[in-house]
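Colleague: need a structure here:
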Amino acid sequence: MTDPNFFVVGAGRCGTTSLHRFLGEHPEIFVCARKSPNHFAAHIPQPTWETPVARAMSRQWVADGDAYRSLFDDVGPEVAIGDVSPVYLQALDIAPRIHSACPDARIIAILRDPVDRAHSHFVGRQRDGIETYADFAERVDLELSSPLPVDVAFGHLLGCGRYHHFLAPYLRYFGADRVKVLVHDDLISEPAALLKDIFTFIGVDPEFGPDMEARLNRTGVIRSRSARAAWTRSVGVRTALRPHVPERVRTFVGRGFLTHIDKPLLDPQLRRRLVEVYRDDIAALEAMLDRDLSHWLAP
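Modeller: Numbers count the residues shown, from 1 in each chain. This next block holds a predicted model:
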């Protein structure tokens, strides 16, 4: 039996799908073919605000321990064994559960401007037929009508962006030397350097260069109305088939729909409003990482 020795814990909509692909190409790394098994989050009940489609998807999370361990049955000579599950950065008690099972694991997080991340999250859910609101501003008003979630932020667009809040337990349980926090800006501007940093952190050949041409899980509005309708309305079928269709097949089909997309713009006034929501968490994150993130506060 082989347990993971590193976890990519999120955040969602920050490039984790691409990281999963890049890591899997390295000959010294094994990542389970199923991205987002979400095993260490599967015990947490879905919040009341989640949609029926999202609840159906969560029932496919790998709750059973034996089923989870079977995802790593094909590990061979690889030295770094990984689980890529972005929801692991959306609940406070996931870090202690991972630590209890894999106390020597290394933790990787990649973060993005939280306002851009929230907007991308909304557009992606809308594109995939998960979102029930047609307008991002309406969803923001709903979420800000009550305090942001403290313990669990599954499906809460704004709550998921409180990075410092949800990273703190990982630092507490694993220590700073076993937690690597990266920034999505670097994945875009210097992907080779970012991957070299990850490879060094998890103890594999840092000089390996994966194919970084493909852009995966791009968020936007599908340009063709007919293709958009077909993709969005098929969410129930896609959810039911997901456990039975290999990821490479799902990626191939998805690429046919998601290649030609348009990115909707975020209203500047709404952005200024949301910047204030995150100001304190960003300041705490800057102190935690010793990195200037002031550009996240720009209007």
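
Colleague: longest helix anywhere in this structure?
Modeller: For the chain, the helix reaching the highest residue count under DSSP state H is reported as helix 268-289.

Colleague: what packs against that helix?
Modeller: Where contact means 3 or more C-beta pairs under 8 Å, 6 or more residues apart in numbering; DSSP states H and E, helix 268-289 is packed against helix 114-127, helix 136-144, helix 163-174. For the C-beta atoms, the positions are set from N, CA and C on the backbone; glycine is no exception.

Colleague: okay, the angle between it and helix 136-144?
Modeller: Angle, helix 268-289 to helix 136-144, by axes from the mean of the first three to the mean of the last three C-alpha atoms, to 10 degrees: 50 degrees.

Colleague: can you pull the buried residues of helix 268-289?
Modeller: By 16 or more other C-beta atoms under 10 Å, the buried positions in helix 268-289 come out as 271, 274-275, 277-278, 281-282, 284-285, 288-289.

Colleague: For residue 200, give me its contacts.
Modeller: With contacts taken as C-beta atoms under 8 Å, 6 or more residues apart in numbering, residue 200 has the following neighbours: residue 206.

Colleague: Now do the longest helix of the chain, average pLDDT.
Modeller: Taken as a whole, helix 268-289 has an average pLDDT of 97.

Colleague: Can you name the residues in contact with it?
Modeller: 111, 114-115, 118, 136-137, 140, 144, 148, 158, 161-165, 167-168, 171, 181, 292-294, 296-299.

Colleague: Give the buried subset of these as a PyMOL selection command.
Modeller: Here is the PyMOL command that selects the buried residues among the contacts of helix 268-289 (16+ other C-beta under 10 Å):
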select buried, resi 111+114+115+118+136+140+148+158+161+162+163+164+165+167+171+181+293+296
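
Colleague: Just name the shakiest helix or strand of this structure by mean pLDDT.
Modeller: Least confident element among the helices and strands of the chain, by mean pLDDT, DSSP states H and E: helix 225-233 (a mean of 57).

Colleague: which residues of the stretch 101-250 of the chain score low on pLDDT?
Modeller: Counting by pLDDT under 70, the stretch 101-250 of the chain shows low-confidence ranges at 214-250.

Colleague: change it to 80
Modeller: With pLDDT under 80 as the threshold, the stretch 101-250 of the chain has low-confidence stretches at 213-250.

Colleague: any idea where the strands of the stretch 1-150 of the chain begin and end?
Modeller: Using DSSP state E, counting those that start in this stretch, the strands assigned to the stretch 1-150 of the chain run over residues 6-10, 29-31, 80-84, 106-111.

Colleague: could you dump the ones you listed to a markdown table with distance to residue 58?
Modeller: As requested, those are exported to a markdown table (distance: least, C-beta to C-beta, whole Å):
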| stretch | distance to residue 58 |
| --- | --- |
| strand 6-10 | 16 |
| strand 29-31 | 21 |
| strand 80-84 | 17 |
| strand 106-111 | 21 |
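
Colleague: Highest mean neighbour count out of those strands?
Modeller: Among those, the stretch with the highest mean neighbour count (mean count of other C-beta atoms under 10 Å) is strand 6-10, at a mean of 26.

Colleague: Work out the gap between it and the centre of the chain.
Modeller: In terms of C-alpha atoms, centre = their mean, to the nearest Å, the gap separating the centre of strand 6-10 from the centre of its chain is 9 Å.

Colleague: Strand partners (parallel or antiparallel) of it?
Modeller: Strand 6-10 has these partner strands in its sheet, going by DSSP bridges: strand 80-84 (parallel), strand 106-111 (parallel).

Colleague: For the last one, give me every contacting residue.
Modeller: Counting by C-beta under 8 Å, 6+ apart, strand 106-111 makes contact with 5-11, 14-16, 19, 89, 95, 98, 163, 167, 170, 174, 178-184, 187, 198, 201-202, 285, all of which sit outside it.

Colleague: now do the first one
Modeller: Outside of strand 80-84, the residues within contact range by C-beta under 8 Å, 6+ apart are 2-8, 16, 19-20, 23, 26, 28-32, 35-37, 39, 71-72, 75, 202-204.

Colleague: Return the members of the residues you listed classed as buried.
Modeller: Burial by neighbour count, judged by 16+ other C-beta under 10 Å, picks out 4-8, 16, 19-20, 23, 26, 29-32, 35-37, 39, 71-72, 202, 204 from the contacts of strand 80-84.

Colleague: Which element, helix or strand, includes the residue lying closest to residue 207 once chain neighbours are set aside?
Modeller: Closest residue in space to residue 207, ignoring its immediate chain neighbours: residue 196 at 7.5 Å, by C-beta to C-beta, 6 or more residues apart in numbering. Element membership for residue 196 (DSSP states H and E) is helix 191-201.
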